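K.L.:
one predicted model, sequence on top.
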Amino acid sequence: MYIWDLPVRLRPVSPEKRQIWIQDTRSGCRMNGAICTMNDMDHTCFDTAKIDKIQELRERGVTVYPYTFDRRDTVLEIKERFSTIEHEKSEEEVSTAGRIYIIRQHGKTIFADMGDATGRLQIYLRKNDLGEEQFDLFRQYVDAGDIVGVVGHVFRTKMGEITVWVDRFELLTKSVCPLPEKFHGLKNVETRYRQRYLDLIMNEESRETFRTRSRILALLRQFLFDRDYLEFETPTLQPVYGGANARPFTTHHNALDQKLYLRIAPELYLKRLVVGGFEKVFELAKNFRNEDIDTNHNPEFSMVEIYEAYRDYNDMMDLTEEIFAFLAERVLGTTTCSFAGHDIDFSRPWRRLTMEEAVQEYAGIDIRTMSLEELRDFGLEHSVEGCESAATQGEFLALFFEHFGEKELIQPTFIYDFPIENSPLAKKHRSKEGLTERFELFMAGMEMANGFSELNDPLDQKARLELQDAKRRKGDLEAQMIDYDFINALGYGMPPTGGVGIGIDRLVMLLTGNDSIKEVLLFPQMKTLARGEPEQDSGEE
RNA sequence: GGGCCUGUAGCUUAGUCGGCAGAGCGACGGACUCUUAAUCCGUAGGCCAAGGGUUCAAAUCCCUUCAGGCCCGCCA
């Protein structure tokens, strides 16, 4: 590989140290920690001083990357087991391992802070105990960032800290990239997202957020399994996308020579399962929507969709409430949480308003008593987007709710009975003309869930999807395609069914107090910095 | 798509009504046997995100670009 082929600028710093900087010439952004050797011209953050140490260690016969270590105790176990230990060393021997965070050398002794998945622990090494060779090995070659295993006895220092008095240690992994500073740590938001592993190494709060996320998913599954719901996995690559109004990502299957879409929702497949006789089903699915990225949106996001036969939207509102209350209670230990300056109260029952009532309350008008002209005038007067082209009472209802109501809904609130125009998969209302049995859940001004009495009349469904398809052909980029196989499935008969979808990422935001979706996604979508390698065939059309 | 803000050493940052780019931590070398952001002495490390312009002189002022953050729009 030639230097001039790289999309970077290489700047020699010190011929002696063979160091160069790597800088992305397109963006001007310097790769984080971009020091590397002349022999290693790629986008690494390898530090030559550390690489030299590896070489020297090998010359001394040390295995720098051994295969295993007999770790018998975690940090937490040691701290709990020896919580009452005094200054005297324990009889019992412990064996533990982790990453070195800080080293404090004092001539012939060394203190270091070591961390594993359960916490941090101080270790103490003395030249007298280890012998000159071993002690010097640690002193000269072990750096912050390295992973070591230690065997020793536990004691409490004069300053009162539980500490492992090390009898012997083993280097388990040599780190060649520099760790961020020990006190301030890693704060740069962009680096935290782009190099999440580094964020996790350095920031306990971030680790805690993702532990909680994992726990929320486990609890959600437990809740549903306990109630005899079955979890399934339906196609992510779909020849026809559907189940929501959104622009899809497209891709191409080479062998089939066929266009495929990344799913925007699992809905239509899960309903096929209900047709097939599975009466209580759910899927924890990644959905992909080709939309903009902001504090509440990532192009791929997680959703749980739940369907249950012989239930309607009232039952699904109850279920949604139960799920949130259960998770809040188990995760937070209370039924309230603090989010973006609001105290959200999950205690049941939650407020339920029809969309008409919400518009009545927040816009101060009664839709049903107004003519289309009056509605349009009112909308234009308040500069409500989309009023020019709205042609039905239902469209105005939806527009007014979005404009006046949505952001006001801080405490958990169900809005129900949506207009039929923008609810092509929801069943017509049993008593109200022009409406469907559909609800959405709002909290902190965010849409958290969406559910309905599922449309199971195959003729009605066919007509409504045909209407969507006509809109799509007229240029509505988010209108749905017609999935005839799905319509045929309904044709065989789907029992009356209730369904709901809950946005997992926003739920995690709420329960962990993070007001950006990027803080609860391990690897949020970021724009690529530099072209490192020639682009492969992406499969894009 | 629109507005506001940010980018200085590996990390955290000072300097921004123009006048030689500073610090702490980290790294490297040395001293130190209960420290914990250890301490003390010394060394190296920056064309101030990139490109262009104004000026005797630009990290600083202007323009363009790149990346990120926040708000709005879009996402029912």
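P.N.:
Received, thanks.
K.L.:
spatially nearest residue to residue A:192, not counting backbone neighbours?
P.N.:
residue A:199 (4.0 Å; C-beta to C-beta, 6 or more residues apart in numbering). Glycine gets a C-beta too; all of them are placed from N, C-alpha and C.
K.L.:
oh sorry, the question was meant for residue A:63
P.N.:
residue A:171 (8.0 Å).
K.L.:
about what we covered before: so which elements touch the helix or strand hosting the residue nearest to residue A:192?
P.N.:
Taking DSSP states H and E as the definition, residue A:199 sits inside helix A:196-202. In terms of contacts (3 or more C-beta pairs under 8 Å, 6 or more residues apart in numbering; DSSP states H and E), helix A:196-202 is packed against helix A:189-194, helix A:204-226.
K.L.:
can you put these in CSV and add mean neighbour count and distance to RNA strand B?
P.N.:
Listed next are these as CSV, based on neighbours: other C-beta atoms under 10 Å; distance: least, C-beta to the nearest atom of the strand, whole Å:
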stretch, mean neighbour count, distance to RNA strand B
helix A:189-194, 16, 4
helix A:204-226, 15, 13
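K.L.:
may I see the ones you listed arranged in TSV, with mean pLDDT as well?
P.N.:
Putting the helices and strands packed on helix A:196-202 into TSV (pLDDT from 0 to 100) gives the following:
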stretch	mean pLDDT
helix A:189-194	94
helix A:204-226	97
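K.L.:
contacts for stretch A:279-289?
P.N.:
For stretch A:279-289, contacts defined as C-beta atoms under 8 Å, 6 or more residues apart in numbering pick out A:217, A:220-221, A:224, A:227-234, A:236, A:244, A:246-249, A:262-266, A:270, A:273-274, A:299-310, A:495, A:504.
K.L.:
residue A:515: which element?
P.N.:
Going by DSSP H and E, residue A:515 is not in any helix or strand.
K.L.:
ok, it to residue A:365 distance?
P.N.:
Note on residue A:515: its distance to residue A:365, by C-beta to C-beta, to the nearest Å, is 32 Å.
K.L.:
more neighbours: those two, which one.
P.N.:
Neighbour count, other C-beta atoms under 10 Å: between residue A:515 and residue A:365, residue A:365 has more, with 17 against 14.
K.L.:
list the residues that contact the nearest residue to residue A:278 once chain neighbours are set aside.
P.N.:
Closest residue in space to residue A:278, ignoring its immediate chain neighbours: residue A:230 at 5.8 Å, by C-beta to C-beta, 6+ apart. Listed by C-beta under 8 Å, 6+ apart, the contact set of residue A:230 reads A:278, A:280, A:281, A:282.
K.L.:
distance of residue A:230 relative to residue A:493?
P.N.:
20 Å.
K.L.:
cool, and residue A:166?
P.N.:
In terms of C-beta to C-beta, residue A:166 sits 70 Å off from residue A:493.
K.L.:
of those two, who's got more company?
P.N.:
residue A:166 (23 against 9).
K.L.:
what sits against the more buried one?
P.N.:
Contacts of residue A:166 by C-beta under 8 Å, 6+ apart are A:123, A:124, A:125, A:129, A:130, A:150, A:151, A:152.
K.L.:
pop out the phi and psi values for the one residue in the stretch 151-300 of chain A that gets nearest to RNA strand B.
P.N.:
Taking C-beta to the nearest atom of the strand, RNA strand B has its nearest neighbour within the stretch 151-300 of chain A at residue A:159, 2.6 Å off. Backbone torsions of residue A:159, given as degrees, to the nearest 10, read phi -80, psi 0.
K.L.:
I'd like the distance between it and residue A:385.
P.N.:
Residue A:159 is 63 Å from residue A:385, where distance means C-beta to C-beta.
K.L.:
more neighbours: which of the two?
P.N.:
Ranked by neighbour count (other C-beta under 10 Å), residue A:159 and residue A:385 place residue A:385 first, with 10 against 7.
K.L.:
stretch A:474-489 near RNA strand B at all?
P.N.:
Yes. Stretch A:474-489 reaches RNA strand B (C-beta under 7 Å from any atom of the strand) through residue A:478.
K.L.:
equivalent analysis for stretch A:99-117, please.
P.N.:
Yes. Stretch A:99-117 comes into contact with RNA strand B (C-beta under 7 Å from any atom of the strand), by way of A:102, A:103, A:104, A:105, A:106, A:107, A:108, A:109, A:111, A:113.
K.L.:
quick one: stretch A:511-527 to chain centroid distance?
P.N.:
Here stretch A:511-527 is found 6 Å from its chain centre; the criterion is C-alpha atoms, centre = their mean, to the nearest Å.
K.L.:
how long is it end to end?
P.N.:
28 Å (C-alpha to C-alpha, to the nearest Å).
K.L.:
stretch A:199-209 now?
P.N.:
Using C-alpha to C-alpha, the two ends of stretch A:199-209 sit 12 Å apart.
K.L.:
that one: how far from the chain's middle?
P.N.:
That offset, for stretch A:199-209, works out to 14 Å (C-alpha atoms, centre = their mean).
K.L.:
cool, and stretch A:514-531?
P.N.:
9 Å.
K.L.:
identify the single longest strand in chain A, thanks.
P.N.:
Longest strand in chain A, counting residues (DSSP state E): strand A:93-106.
K.L.:
how about the residues of the stretch 351-500 of chain A near RNA strand B?
P.N.:
A:385, A:386, A:398, A:402, A:418, A:422, A:423, A:450, A:478.
K.L.:
contacts only, for the third one.
P.N.:
This means residue A:398. Here residue A:398 is in contact with A:355, A:418, A:419, A:421, A:422 (C-beta under 8 Å, 6+ apart).
K.L.:
tell me which of these is nearest to RNA strand B?
P.N.:
residue A:422 (3.5 Å).
K.L.:
ok, now which ones touch the closest one?
P.N.:
A:245, A:394, A:395, A:398.
K.L.:
would TSV of these with pLDDT be doable?
P.N.:
TSV is the format used below for the contacts of residue A:422 (pLDDT from 0 to 100):
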residue	pLDDT
A:245	92
A:394	90
A:395	89
A:398	91
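K.L.:
farthest pair in these?
P.N.:
A:245 and A:394 (15.0 Å; C-beta to C-beta).
K.L.:
ends of stretch A:96-115, what's the gap?
P.N.:
Start-to-end, stretch A:96-115 (C-alpha to C-alpha) is 10 Å.
K.L.:
buried residues in it, which are they?
P.N.:
By neighbour count on 16 or more other C-beta atoms under 10 Å, the buried set for stretch A:96-115 is A:96-101, A:103, A:110-115.
K.L.:
again, but for stretch A:170-187
P.N.:
Applying 16+ other C-beta under 10 Å to stretch A:170-187 flags A:170, A:171, A:172, A:173, A:174, A:175, A:176, A:178, A:179, A:180, A:185, A:186 as buried.
K.L.:
what does the second one show for phi and psi?
P.N.:
Going back to what we said before, that points to residue A:171. phi -70, psi 120.
K.L.:
how much space between it and residue A:449?
P.N.:
50 Å.
K.L.:
name the nearest residue to residue A:72, sequence neighbours excluded.
P.N.:
residue A:95 (4.3 Å).
K.L.:
is the helix or strand hosting residue A:328 up against RNA strand B anywhere?
P.N.:
Using DSSP H and E, residue A:328 falls within helix A:313-332. No. Helix A:313-332 stays clear of RNA strand B (C-beta under 7 Å from any atom of the strand), getting no nearer than 13.0 Å.
K.L.:
which helices and strands does that helix pack with?
P.N.:
Partner elements for helix A:313-332 (3+ C-beta pairs under 8 Å, 6+ apart): helix A:204-226, strand A:300-309, strand A:413-419, strand A:435-443, strand A:446-453, strand A:497-503, helix A:504-512.
K.L.:
and it, C-alpha only, in CSV?
P.N.:
What follows is helix A:313-332, C-alpha atoms only, in CSV (Å, rounded to 0.1, in the frame of the first residue of the first chain):
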residue,chain,number,x,y,z
TYR,A,313,-57.6,-2.2,21.6
ASN,A,314,-59.0,-1.6,25.1
ASP,A,315,-57.3,-4.8,26.3
MET,A,316,-54.1,-3.7,24.6
MET,A,317,-54.1,-0.4,26.4
ASP,A,318,-54.5,-2.3,29.7
LEU,A,319,-51.6,-4.6,28.7
THR,A,320,-49.4,-1.6,27.7
GLU,A,321,-50.1,0.0,31.1
GLU,A,322,-49.2,-3.3,32.9
ILE,A,323,-46.0,-3.7,31.0
PHE,A,324,-44.8,-0.1,31.7
ALA,A,325,-45.8,-0.3,35.4
PHE,A,326,-44.0,-3.7,35.7
LEU,A,327,-40.8,-2.4,34.1
ALA,A,328,-40.8,0.8,36.0
GLU,A,329,-41.3,-1.0,39.3
ARG,A,330,-38.7,-3.6,38.6
VAL,A,331,-36.1,-1.2,37.1
LEU,A,332,-36.6,1.9,39.1
